[in-house]
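S.K.: Provide a 3D model corresponding to the input given below.
(one chain, ligands or ions: 1)
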Amino acid sequence: MQLEHIKRLNYEMMQKNVELEANYSEIEATNEELETTNEELIATNEELEVANRDLFGMAEELKKSKEEIEKNMLVVQKANEELTLLNQLKTNFLGMASHELKTPLVMVKGYAELILDNKNVQLDGTTQEMTVQILKGADILNAIINDMLDITKIEAKELKLNLVAIELKLVIDSIISEMGAVAKSRGQRIMLGNIPDVNVTVDSPHMHRVLSHILSNAIKFTPDNGKIKVYAKEVKDDVLASMYGYAEPIEAIDIIVEDSGIGIDENDYDKIFDVFYEVGDIDHHRSSKSAYLGKGSGLGLPICKGIIEAHSGRIWVESEGVDLNTFPGSIFHVTLPLVQTHELRKEGEVATAPKKVETPAPKKRLKKQPKILLIEDENDIIELTSLVLESKFTIGIANNGADGIKKAFTFKPDAILLDIYMKGLNGYEVCSILKENEATKNIPIAMFTAGTQKYEIEKGYKVGVDDYITKPFNPSDLIARLEKLISKKKDRKK
Ligand code: ADP
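M.R.: Predicted structure coming up:
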């Protein structure tokens, strides 16, 4: 019995043992699996760590780039501010310099003209020729100063246009007949090609200036006996369209001046329209309108560009390159939209209504000499102006504004010539006082100044100025303008 029991126990234990062994193998298998998973996890973890490190590095790099971009943006912003300031300074400088240059120029030009016009002065041939040269020099200088003032106006978007519809043929004909003689002096031929029968809406004097400058350049950069072609064609221009945000090409007229001259390098296509930019050796500077390779102030094409852009058009050039031996030639284009240009005009560029053509007042013989009061603080100008006016007028002089007001009451002038910038009361103040006073309000006042800036002129008209006479003046022009002012006043009284 006892044995039986022990045997059974033994059997059960063996049974258990087998079970345990089976369990053990299972556990071992699971253990192995767990180990593999663990290894895999470790590997994944390592990978993640590497990825993490990479990400961290990238984040650092991004942060650094962001900082650098911010720093660069600050530099660009600062440079931009400096450029704007420099540009403003340049504009101020141009305006100021031209102003200051004009006053001494008045003297040179005025006296030279006076010497040549004065019948009482006997000049020998040499002196006469020298005086003519002085006048020529002064005229060139005056033209350069006017160019500088124009650039200042263009950059300040103050260019005023009097737009009138005019036949394109008329515009081109007048320029060709004017420049024909100049080209002929160089043995060159200007050939007029087809000009479509269209009207263009332009400011005639400004357009005339642009086209004659381009033609004059064509003459200058083409050798003797060369050919220049002028023609125009109707085009559909997609550059204008993209300039003004149109989806479809804009109908335009392309005016083309094609020369057989030295040509222009592709790198200079845009630069020649920059202020003061001149291609090559500036020793070639010459003042003549036609001298071969002669150059001017370097302001001509930038002014043309300003004028054409104010007309909502574009001016551009093409050429096969520059060569002083083979003369590849240049082709200048002025592309003007044929649609209403004011619809395209960019903000800030204003066009005024067409100016009425003034009929000149009939010249009258005045019985006694009319009286002019000159209010001016520069003695040299007083002396020169008196010299010019004394044959036609009785002159009263005031050296400052306060004295001018007093003399307007006592001297009772028929017209007043009034300088703007004087110590004490300035010209605007004097004018508004005189125009507000019953006894003096009918005396015509002409501002007499080198200032031709838009705001100066507008300010003058606001305080009641009747005319604007700019220095340097032409003696006969000054006399004619004053006579006109006086006779207008008399007409008003009738
Ligand atoms: P400037 O007022 O001195 O005459 P522009 O502004 O008219 O100067 O022209 C600038 C420069 O463009 C000239 O100095 C010249 O180098 C170049 N240029 C202009 N027109 C022509 C042309 N038809 N052929 C070759 N070069 C030209």
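
S.K.: and the protein, which of its residues are near the ligand?
M.R.: Neighbours of the ligand within the chain, by C-beta under 6 Å from any ligand atom: 217-218, 221, 259, 261-262, 264, 272, 278-279, 295-301, 330. All C-beta spots, glycine's among them, are computed from the backbone N, C-alpha and C.

S.K.: of those, which belong to strands?
M.R.: 259, 330 (DSSP state E).

S.K.: out of the residues of the chain next to the ligand, which are inside helices?
M.R.: 217-218, 300-301 (DSSP state H).

S.K.: neighbour count for these - can I get that in a markdown table?
M.R.: Output for these, formatted as a markdown table (neighbours: other C-beta atoms under 10 Å):
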| residue | neighbour count |
| --- | --- |
| N217 | 23 |
| A218 | 27 |
| G300 | 20 |
| L301 | 23 |
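
S.K.: nearest to R8, of those residues?
M.R.: Taking C-beta to C-beta as the measure, R8 sits nearest to L301 out of those, at 122.7 Å.

S.K.: quick check: the gap between the closest one and P223.
M.R.: 21 Å (C-beta to C-beta, to the nearest Å).

S.K.: go on, I416?
M.R.: On the measure of C-beta to C-beta, I416 and P223 end up 55 Å apart.

S.K.: same question, E483
M.R.: When E483 is compared with P223 (using C-beta to C-beta), they lie 49 Å apart.

S.K.: so the chain: which segments form each domain?
M.R.: According to automatic domain parsing, the chain comprises the domains 161-343, 371-493.

S.K.: among those, which is nearest D117?
M.R.: Across these, closest to D117 is domain 371-493 (C-beta to C-beta), at 6.2 Å.

S.K.: how far out from the middle of the chain is that closest one?
M.R.: 32 Å (C-alpha atoms, centre = their mean, to the nearest Å).

S.K.: I416 and P223 - which one has more neighbours?
M.R.: Neighbour count, other C-beta atoms under 10 Å: between I416 and P223, I416 has more, with 31 against 15.

S.K.: for the host helix or strand of the more buried one, which strands pair with it and how are they oriented?
M.R.: Counting by DSSP states H and E, the element that carries I416 is strand 415-418. Using DSSP bridges, the strands paired with strand 415-418 are strand 371-375 (parallel), strand 445-449 (parallel).

S.K.: how about JSON lines for those, with mean neighbour count and mean pLDDT added?
M.R.: Shown next, in JSON lines, are those (neighbours: other C-beta atoms under 10 Å; pLDDT from 0 to 100):
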{"stretch": "strand 371-375", "mean neighbour count": "24", "mean pLDDT": "94"}
{"stretch": "strand 445-449", "mean neighbour count": "24", "mean pLDDT": "90"}
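
S.K.: mind putting those strands into JSON lines with distance to L55?
M.R.: Shown next, in JSON lines, are those (distance: least, C-beta to C-beta, whole Å):
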{"stretch": "strand 371-375", "distance to L55": "80"}
{"stretch": "strand 445-449", "distance to L55": "71"}
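
S.K.: between those, which one is nearest to E60?
M.R.: Judging these by C-beta to C-beta, what sits closest to E60 is strand 445-449, at 65.2 Å.

S.K.: pull the helix or strand with minimum mean pLDDT from the protein.
M.R.: One helix or strand of the chain scores below all others by mean pLDDT, DSSP states H and E: strand 351-352, with a mean of 40.

S.K.: which single residue of the stretch 301-450 of the chain approaches the ligand most closely?
M.R.: L301 (3.3 Å; C-beta to the nearest ligand atom).

S.K.: now do the stretch 51-200 of the chain
M.R.: For the stretch 51-200 of the chain, C-beta to the nearest ligand atom, closest residue to the ligand: D147, 7.5 Å.

S.K.: mean confidence for the one helix or strand that residue maps to?
M.R.: Using DSSP H and E, D147 sits within helix 125-155. What helix 125-155 shows for mean pLDDT is 86.

S.K.: tell me which other helices or strands it touches.
M.R.: Contacts defined by 3 or more C-beta pairs under 8 Å, 6 or more residues apart in numbering; DSSP states H and E place helix 125-155 against helix 2-117, helix 300-310.

S.K.: got phi/psi on D173?
M.R.: phi -60, psi -40 (degrees, to the nearest 10).

S.K.: kindly apply the preceding question to Q188 instead.
M.R.: Residue torsions, per degrees, to the nearest 10, at Q188 are phi -90, psi 160.

S.K.: now do the same contact list for it.
M.R.: Residues counted as contacts of Q188 (C-beta atoms under 8 Å, 6 or more residues apart in numbering) are 219, 222, 224-228.

S.K.: mind running it again at 7 Å?
M.R.: 219, 222, 225-228 (C-beta atoms under 7 Å, 6 or more residues apart in numbering).

S.K.: buried ones from these, can you make that a PyMOL selection?
M.R.: PyMOL command restricting these to the buried ones, with burial defined by 16 or more other C-beta atoms under 10 Å:
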select buried, resi 219+222+226+227+228
